[in-house]
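[1] Can you look at this prediction? I've put the sequence above it.
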2 protein chains.
Amino acid sequence: MTDHRNNALKYAQDHKEQSLEKMKDIISIPSISTDPERKEDIKKAAEWLKKELRELGMTKVEIFPTPRHPIVYAENLTAGEQAPTVLIYGHYDVQPTDPIDEWNSDPFTPTEVGEFLYARGSTDMKGQVIATFSAVDAILQTGDLPVNIKFLIEGEEEIGGSYLKTFIKENKELLSCDFFLNPDTGMLGPDSPSITYALRGISYFELRIQGAKQDLHSGTFGGAVHNPAQVMTDLLSGLHDDKGRVTLPGFYDKVQPIDDEEREELSRLPTTEEFFINQAGVKKLWGEEGYTSVERTGARPTLEINGLYSGFIGEGQKTVLPAYAMAKVSTRLVPDQDPNEIFDMFKAYLEENAPETVTWQLDKLAADFPSISDRKSPWITAYVKAAETVWGSRPLFDRSGGSVPVVVHIQQNLGVDSVNIGFGIPGGNLHGPNENIHLPTFYKGVEALVHFFFNL
Amino acid sequence: MTDHRNNALKYAQDHKEQSLEKMKDIISIPSISTDPERKEDIKKAAEWLKKELRELGMTKVEIFPTPRHPIVYAENLTAGEQAPTVLIYGHYDVQPTDPIDEWNSDPFTPTEVGEFLYARGSTDMKGQVIATFSAVDAILQTGDLPVNIKFLIEGEEEIGGSYLKTFIKENKELLSCDFFLNPDTGMLGPDSPSITYALRGISYFELRIQGAKQDLHSGTFGGAVHNPAQVMTDLLSGLHDDKGRVTLPGFYDKVQPIDDEEREELSRLPTTEEFFINQAGVKKLWGEEGYTSVERTGARPTLEINGLYSGFIGEGQKTVLPAYAMAKVSTRLVPDQDPNEIFDMFKAYLEENAPETVTWQLDKLAADFPSISDRKSPWITAYVKAAETVWGSRPLFDRSGGSVPVVVHIQQNLGVDSVNIGFGIPGGNLHGPNENIHLPTFYKGVEALVHFFFNL
């Protein structure tokens, strides 16, 4: 096994060029999932993956059509029942390229500059998909697989309302595994391998408060008709206390506290208070009393106003008493909060506090559960060891403030934990112009995955 | 004099057709003051007035250019020094016609339907200007003027920042008079002649609260960076107490209380609670405890949010932590409140209450003083008598919730009271599509003005 590991690592090192060529190949297909004109390119990317997975040595490769973009599935279960099974996630669709003028090179012509390869999809996440392919390739070219492998690669990650959720629900047998490997997160620096072990959930709603049937003249009606913008500010203002805590009754009831060991772990992260200040460009931070910014954004639930609208917002003045006010409000949730319960709490709050002078409507726009993985699971332990070998340092354990619905759907439907990693580093410009991947980190990522599969 | 009065009234009655034709004539000129492409039409309207005022028998007619749209001035002082001098106000510019699709006929092709004439500017206020012309014409065609008359007709009333204020300041001698007749208000019904004896002032500001230098991801930064939309709701929510009173420190200090006699007068108005409910289309009214809606909107100061904006307000969801929030806030003021002092109070409130986690900027968009006229002045008494003769009922005394800056500028610069009247009725759709004037009321208005001039 040690020989096989070393041979596989050597193979990977000797075939960097081939890995890079494959990455360039798939990146050159402009598979923008939100653009109807790219539907053929999406199909082409799925076909490319199918062919590649076959050449890789997968024993079963299948394209599952969906109402929109197909899902690519592949497996090689030759390691046998004694070995663990890993379900490897990927998505082959990419973000649009706007603003196109700000790109220094064509987004779909992979361009090497120094240690970086510039192209849309390089980091998010075709590069990561190729890293998993190259690692599996290196192992299979030099021997047998030490683990059973399943690939699940979708084409709708960059679209709202992916079909993947339904697919997972309907294919539990096919996708059954011991754990889920999601290489769609990232590293906190080129020398900082990272594991994202928790993701916040979200409950997102839109509130509309209606006063008069149409905008009124603020001179004629001001003072006699309750201003819905004022009602909105009254209702939203009451949602935080002066310690930065959310006051929605019941909001914290199911929140798992963070223990000292986890706080210690989180304090190792390079995302210091100063980092937050610089990134946001604010003079002073804010938040729930008693927690650091890392804790506030990862391990504690929050409530944000994402949008606010009422009346006249153009240049100059218009003396209008608005007919309605609208707010987009979202809460980020941590285990064991339930996004649907949070929605109900907000509704109850409105029923209790909205005045009789207005009518209101609350719509649910998103509801995703939070998730957390055991930091000491065999899978995470295997990756910790792999990363230590490659980077020479223990990985950072990070809780993501954002939500990754697929991880939650896997946890809910297949009942398994996730290993959320990735080889993109800060500055990779995901979703922005000049997206890029740091090639030395990518190559190290392939090696880390080889170690990981052997460690399992 | 009685003969002359009767002859003039008869002349007016016999020349309704001619009055109507003149109204249609000036209305057909699309003098939209905010539209740069209508600059020639504005000029044309001013020239039309000049010619008309000459034909009317004014002894001096002059067009004063301004940096934007000209002011038309005319006078006939042949009544002599013993007679009072009235300065008659008018504006010949009109509002834009948007939304044009909602008009049933072309806005600048006056269209008679039943008792109504439909056209932009019919009620606001070319029709009112023609009513004063027709009354003066009837008197001059049948004898001498019983009063000295000055006309002051501007072309910038529907624009923010009219030049008229400066013109009044610089031409006090030219405009000197015993009182100011402003026919730019209206009637509360076709059988309810009305006198507006008080106008609220206004202090209008825009508040911008800046958090991060750009929009942030609400997952990554939510909970660590103070959300400017939340700060905005906190600051604006604190501005009213649960009795509907404005909490801004000092806000009520200079407010003149209303006495029992005035409350009695205001209670005669047809603008009952039910009227407000129906007009606004709300299920329940709101306002400062201890006052009726008429008092709240006319005799009491108020504070309104006119506009509110932050973050993402499109369809669906976007998980953004907004970089800034903006609010347009205005206060309606009553004597003796000072709009500049109110602005300073708001600024002081922000200095006291805005948190250090954000920066803010407060801009003054408008500052007009409130005004009130003596309900028992000889001028108002003369109009009361005229209205009683024509409509058979004592006029209603109304305080307008809106602001009419020219009345304040006249009061401040010329030191005279105003008679604010008009012959538009509810449903006239000023500023909206299908603006119209009720012709029988317009003809009665001409007669009322004839009586008024003789009564003085």
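    Thanks, I have the structure now.
[2] Can you name the residue of the stretch 1-150 of chain A nearest chain B?
    A:T34 (12.6 Å; C-beta to the nearest C-beta). From N, CA and C alone the C-beta is placed, and that goes for glycine too.
[3] Quick one: residues contacting the closest residue to that residue other than its chain neighbours.
    Excluding the flanking residues, the one nearest A:T34 by C-beta to C-beta, 6 or more residues apart in numbering or on different chains is A:I159, at 5.6 Å. Listed by C-beta atoms under 8 Å, 6 or more residues apart in numbering or on different chains, the contact set of A:I159 reads A:S33, A:T34, A:R68, A:H69, A:D93.
[4] Which among the residues you listed count as buried?
    A:S33, A:H69, A:D93 (16 or more other C-beta atoms under 10 Å in any protein chain shown).
[5] least trustworthy position among those, going by pLDDT?
    Note: of those, the lowest pLDDT belongs to A:S33, at 92.
[6] That one is in contact with A:E158, isn't it?
    Yes. A:S33 lies in contact with A:E158 (C-beta atoms under 8 Å); the separation is 5.2 Å.
[7] What is the burial count for A:L236?
    By the measure other C-beta atoms under 10 Å in any protein chain shown, the count of residues near A:L236 is 23.
[8] That one contacts B:V231, correct?
    No. In this structure, A:L236 is not within contact of B:V231 by C-beta under 8 Å, at 10.9 Å.
[9] Tell me the residues of the stretch 101-250 of chain A that contact chain B?
    Contact residues, the stretch 101-250 of chain A versus chain B (C-beta under 8 Å from any C-beta of the partner chain): A:160, A:200, A:202, A:204, A:206, A:211-214, A:216-227, A:229-230, A:232-234, A:236-240.
[10] For the stretch 1-150 of chain A, which segments are assigned as helices?
    Remark: helices assigned in the stretch 1-150 of chain A by DSSP state H, counting those that start in this stretch are A:2-14, A:16-27, A:39-56, A:127-141.
[11] Show me what the second one is packed against.
    Contacts defined by 3 or more C-beta pairs under 8 Å, 6 or more residues apart in numbering or on different chains; DSSP states H and E place helix A:16-27 against helix A:39-56, strand A:116-118, helix A:127-141, helix A:439-455.
[12] Can you tell me the closest non-neighbouring residue to A:K43?
    Once flanking residues are discounted, A:K43 sits nearest to A:P70: 7.1 Å by C-beta to C-beta, 6+ apart.
[13] re earlier: next, work out how far apart the residue nearest to A:T34 and A:G201 are.
    20 Å (C-beta to C-beta, to the nearest Å).
[14] quick one: contacts for A:T292?
    Counted by C-beta under 8 Å, 6+ apart, A:T292 has contacts A:L266, A:S267, A:E273.
[15] Now the buried members of those residues.
    By 16+ other C-beta under 10 Å, those give A:L266 as buried.
[16] Out of the contacts of A:T292, flag the one nearest to chain B.
    Nearest member of the contacts of A:T292 to chain B, counting by C-beta to the nearest C-beta, is A:E273, at 8.6 Å.
[17] Would you point out which residue is most central in chain A?
    With distances taken as C-alpha atoms, centre = their mean, A:V404 lies nearest the centre of chain A, 3.8 Å away.
[18] Surely it is in contact with A:Q411?
    No. Using C-beta under 8 Å, A:V404 makes no contact with A:Q411, being 10.6 Å away.
[19] In stretch A:354-361, which residues are buried?
    Residues A:A354, A:T357, A:V358, A:W360 are the ones in stretch A:354-361 that count as buried (16+ other C-beta under 10 Å).
[20] how about the residues you listed, which pair is most distant?
    A:T357 and A:W360 (10.9 Å; C-beta to C-beta).
[21] about what we covered before: among the buried ones among the contacts of A:I159, name the ones in strands.
    The strands, defined by DSSP state E, take in nothing from those.
[22] Secondary structure class of A:L181, three-state.
    Assigned by DSSP: H, G, I helix; E, B strand; the rest coil, the conformation of A:L181 is strand.
[23] tell me the contacts of the residue of chain A most remote from its centre?
    Seen from the C-alpha centroid of chain A, the residue lying at the greatest distance (C-alpha atoms, centre = their mean) is A:T220, 50.0 Å away. A:T220 makes contacts with B:T297, B:G401, B:G402, as judged by C-beta under 8 Å, 6+ apart.
[24] and if we set it to 6 Å?
    Residues near A:T220 by C-beta atoms under 6 Å, 6 or more residues apart in numbering or on different chains: B:G401.
[25] what's the pLDDT at it?
    So, for A:T220, pLDDT stands at 88.
[26] can you tell me how far it sits from A:G161?
    Applying C-beta to C-beta to A:T220 and A:G161 gives a distance of 45 Å.
[27] What is the end-to-end distance of stretch A:330-350?
    Stretch A:330-350 has an end-to-end distance of 15 Å (criterion: C-alpha to C-alpha, to the nearest Å).
[28] Now that stretch: buried residues?
    Those would be A:330-335, A:337-339, A:341-343, A:345-346, A:349, for stretch A:330-350 by 16+ other C-beta under 10 Å.
[29] Pick out the most distant pair among these.
    The farthest-apart pair in those, when distances are taken by C-beta to C-beta, is A:P335 and A:Y349, at 22.6 Å.
[30] Isn't A:P110 up against A:M23?
    No. With contact defined as C-beta atoms under 6 Å, A:P110 does not count as touching A:M23 (7.3 Å).
[31] Which neighbours do the two have in common?
    By C-beta under 6 Å, 6+ apart, no residue touches both A:P110 and A:M23.
[32] Now A:S373: closest residue in space that isn't a chain neighbour?
    Closest to A:S373 by C-beta to C-beta, 6+ apart is A:D417, at 4.1 Å.
[33] Can you report how many residues neighbour A:Q13?
    12.
[34] follow-up on the earlier one: single out the most deeply packed of the helices of the stretch 1-150 of chain A.
    helix A:127-141 (a mean of 25; mean count of other C-beta atoms under 10 Å in any protein chain shown).
[35] Dump the C-alpha coordinates for that one into CSV.
    The C-alpha atoms that make up helix A:127-141 are tabulated as CSV, following Å, rounded to 0.1, in the frame of the first residue of the first chain:
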residue,chain,number,x,y,z
GLY,A,127,-10.4,23.1,-11.4
GLN,A,128,-11.6,21.3,-8.2
VAL,A,129,-13.4,18.7,-10.2
ILE,A,130,-10.2,18.0,-12.2
ALA,A,131,-8.2,17.8,-9.0
THR,A,132,-10.4,14.9,-7.9
PHE,A,133,-10.1,13.3,-11.4
SER,A,134,-6.3,13.6,-11.4
ALA,A,135,-6.0,12.0,-7.9
VAL,A,136,-8.2,9.1,-8.9
ASP,A,137,-6.4,8.7,-12.1
ALA,A,138,-3.0,8.6,-10.4
ILE,A,139,-4.2,5.9,-8.1
LEU,A,140,-5.9,3.8,-10.8
GLN,A,141,-2.9,4.1,-13.2
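[36] What angle do helix A:439-455 and it make with each other?
    Between helix A:127-141 and helix A:439-455, the angle comes out at 50 degrees (axes from the mean of the first three to the mean of the last three C-alpha atoms, to 10 degrees).
[37] State the mean pLDDT of helix A:127-141.
    Mean predicted confidence for helix A:127-141 is 98.
[38] So which elements touch that helix?
    helix A:2-14, helix A:16-27, helix A:39-56, helix A:439-455 (3 or more C-beta pairs under 6 Å, 6 or more residues apart in numbering or on different chains; DSSP states H and E).
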